[in-house]
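[1] The following block contains a protein sequence and its predicted model.
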Amino acid sequence: MKQPQDMAPLTTPGSATLIERILDIARWAPSGDNTQPWRFQISDESSFVIHGYDTRDHCVYDLDGHGSQIALGALLENIAIAASEEGFRVKYTRRKDMPVTKPTYEARLLSAPDAGIDPLLSHIIQRCVQRRPLSTTPLASDQKKALKASVGDGYSVIWFESFSERLQMARLMFNNAKIRLTIPEAYQVHRTNIEWNARFSDDRVPDQALGIDPLTLKLMRWVMANWSRVDMFNTYFAGHWFPRVELDLLPGIFCAAHFMIVAHEPLLDTDSYIDGGRAMQKFWLTATSLGLHLQPEMTPLIFSRYVREGQKFTSRPDAIELARVLEQRLGAIVEEKNMDSIVFAGRIGQGKPPRARSRRRPLNELIIKNSPVDG
């Protein structure tokens, strides 16, 4: 497989086993802040175990585990696509004896020599997040048709394309960003998951991929040294305004469209979120194959879900109240009937590939020999 420019090479040597070759490609699945909430345990030459885990105990964006479940679904899809290159299909069986915090799958490779190689294979490693503004050139009808077909019969795609719709979504992101940038619970996540002075990162998000100009980035690095400094800067200098404009408002306006992938049935359990993750990954890989770039826009979905489910996500009452207001705005945009069925949201458009991005942990760090990780 051809490697994208400036990308880390695949890590398996020439003597790698069949399963190692498949997993070495599949590990490039997306996950929140590049957490990679999975480990692999090889059982024999044709079967292995996928030990998933969620980050609810330390990540404010994953308090119900659904974000990690969507990511795990993307991984399962990647494994299936990568297996097609080797002439196999994959049979997954989720272990019902494992707790919801550790979704675990037994995977077996079954020969499928006539199935052919999945055309999305070559885009698995190329797929990435572009956080900077994109072209406002509308998507072509054939592009939207391909993207709609990619998610399968159980899902629909809602588009927000006009200037007024893009502005509406940009404002929604801008206002949700106030929550993201002013609560201590999110600060702990950002402090842990940003790698400073980095163009690439194997296990976090490099600061140069955040989409911020160098001067603002330098100030952000200084402010984020401790929470008291962040809180003081936000309280007395409106320190969250410039990042919200640069990270949320302007990119939200400058794109071809915003979109939401919506399941035809409400997302009620682990399996539905994991299946939604598989649909999301096919959409994202199809977008990459069409020369389009994408940025997830999940915070409105996450905070509004916390509001509907009564999940206390912060010690700040003002942030909880703002989340309630924004939950109503989101409901007005997408209709209340869709609120529990939205799998994924983002913005999309043409643009230059990002110069900085997250890589992935080497495969040997993801394979466990004995007992699974604790998460």
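    Good, I have the coordinates.

[2] which SS class is residue 308?
    Of the three states, residue 308 takes helix under DSSP: H, G, I helix; E, B strand; the rest coil.

[3] Spell out the residue ranges of the strands in the stretch 201-350 of the chain.
    Applying DSSP state E, counting those that start in this stretch to the stretch 201-350 of the chain gives strands spanning 205-206, 257-263, 293-296, 342-349.

[4] Dump these to a markdown table, plus distance to residue 129 and mean neighbour count.
    Heads up, the C-betas are built off the backbone N, CA and C, glycines and all. A markdown table is the format used below for the strands of the stretch 201-350 of the chain (distance: least, Cβ to Cβ, whole Å; neighbours: other Cβ atoms under 10 Å):
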| stretch | distance to residue 129 | mean neighbour count |
| --- | --- | --- |
| strand 205-206 | 9 | 22 |
| strand 257-263 | 15 | 24 |
| strand 293-296 | 6 | 22 |
| strand 342-349 | 9 | 24 |
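
[5] With distance to residue 143 and mean pLDDT as added columns, please give those strands in JSON lines.
    Shown next, in JSON lines, are the strands of the stretch 201-350 of the chain (distance: least, Cβ to Cβ, whole Å; pLDDT from 0 to 100):
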{"stretch": "strand 205-206", "distance to residue 143": "28", "mean pLDDT": "98"}
{"stretch": "strand 257-263", "distance to residue 143": "10", "mean pLDDT": "98"}
{"stretch": "strand 293-296", "distance to residue 143": "12", "mean pLDDT": "98"}
{"stretch": "strand 342-349", "distance to residue 143": "9", "mean pLDDT": "98"}
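
[6] Now distance to residue 272 too, for the ones you listed, in TSV please.
    Shown next, in TSV, are those (distance: least, Cβ to Cβ, whole Å):
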stretch	distance to residue 272
strand 205-206	27
strand 257-263	7
strand 293-296	19
strand 342-349	9
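
[7] out of these, which comes closest to residue 317?
    Residue 317 sits nearest to strand 342-349 of all the strands of the stretch 201-350 of the chain, at 26.2 Å, using Cβ to Cβ.

[8] could you say what helices and strands that closest one packs with?
    Applying 3 or more Cβ pairs under 8 Å, 6 or more residues apart in numbering; DSSP states H and E, we find strand 342-349 packed against strand 257-263, helix 270-289, strand 293-296, helix 299-309.

[9] TSV for the ones you listed, including distance to residue 165?
    What follows is those, written out as TSV (distance: least, Cβ to Cβ, whole Å):
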stretch	distance to residue 165
strand 257-263	7
helix 270-289	19
strand 293-296	16
helix 299-309	14
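
[10] For residue 81, find the nearest of the ones you listed.
    Ranking those by proximity to residue 81 (Cβ to Cβ) places helix 270-289 first, at 7.7 Å.

[11] ok so, going back, nearest to residue 200, out of the helices and strands packed on strand 342-349?
    strand 293-296 (17.5 Å).

[12] and that closest one, what does it pack onto?
    Judged by 3+ Cβ pairs under 8 Å, 6+ apart, the packing partners of strand 293-296 are helix 270-289, strand 342-349.

[13] Save those as TSV, and put in distance to residue 259 too.
    Shown next, in TSV, are the helices and strands packed on strand 293-296 (distance: least, Cβ to Cβ, whole Å):
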stretch	distance to residue 259
helix 270-289	8
strand 342-349	6
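
[14] Tell me which of these sits nearest to residue 357.
    Counting by Cβ to Cβ, residue 357 lies closest to helix 270-289 out of the helices and strands packed on strand 293-296; the figure is 12.6 Å.

[15] For the closest residue to residue 323 other than its chain neighbours, grab the count of nearby residues.
    Distance criterion Cβ to Cβ, 6 or more residues apart in numbering; nearest residue to residue 323, sequence neighbours excluded, is residue 303 at 4.5 Å. Residues within reach of residue 303, counting by other Cβ atoms under 10 Å, total 25.

[16] Show the contacting residues for residue 303.
    Residue 303 sits next to 176, 179, 313, 323, 326, 327 when contact means Cβ atoms under 8 Å, 6 or more residues apart in numbering.

[17] Residue 284: which of those residues is nearest?
    Using Cβ to Cβ, the contacts of residue 303 come closest to residue 284 at residue 176, 21.2 Å.

[18] how close does that closest one sit to residue 81?
    Distance, residue 176 to residue 81, by Cβ to Cβ, to the nearest Å: 32 Å.

[19] Stretch 49-63: end-to-end distance?
    End-to-end span of stretch 49-63 (Cα to Cα, to the nearest Å): 25 Å.

[20] Next: stretch 191-198.
    Using Cα to Cα, the end-to-end distance of stretch 191-198 comes out at 14 Å.

[21] ok, and what's touching it?
    Applying Cβ under 8 Å, 6+ apart, the external contacts of stretch 191-198 come out as 33-35, 58, 201, 204-208, 210, 221, 224, 356.

[22] what inclination does the helix or strand harbouring residue 75 have with respect to helix 299-309?
    Secondary structure assigned from DSSP states H and E places residue 75 in helix 66-85. Interaxial angle of helix 66-85 relative to helix 299-309 (axes from the mean of the first three to the mean of the last three Cα atoms, to 10 degrees): 130 degrees.
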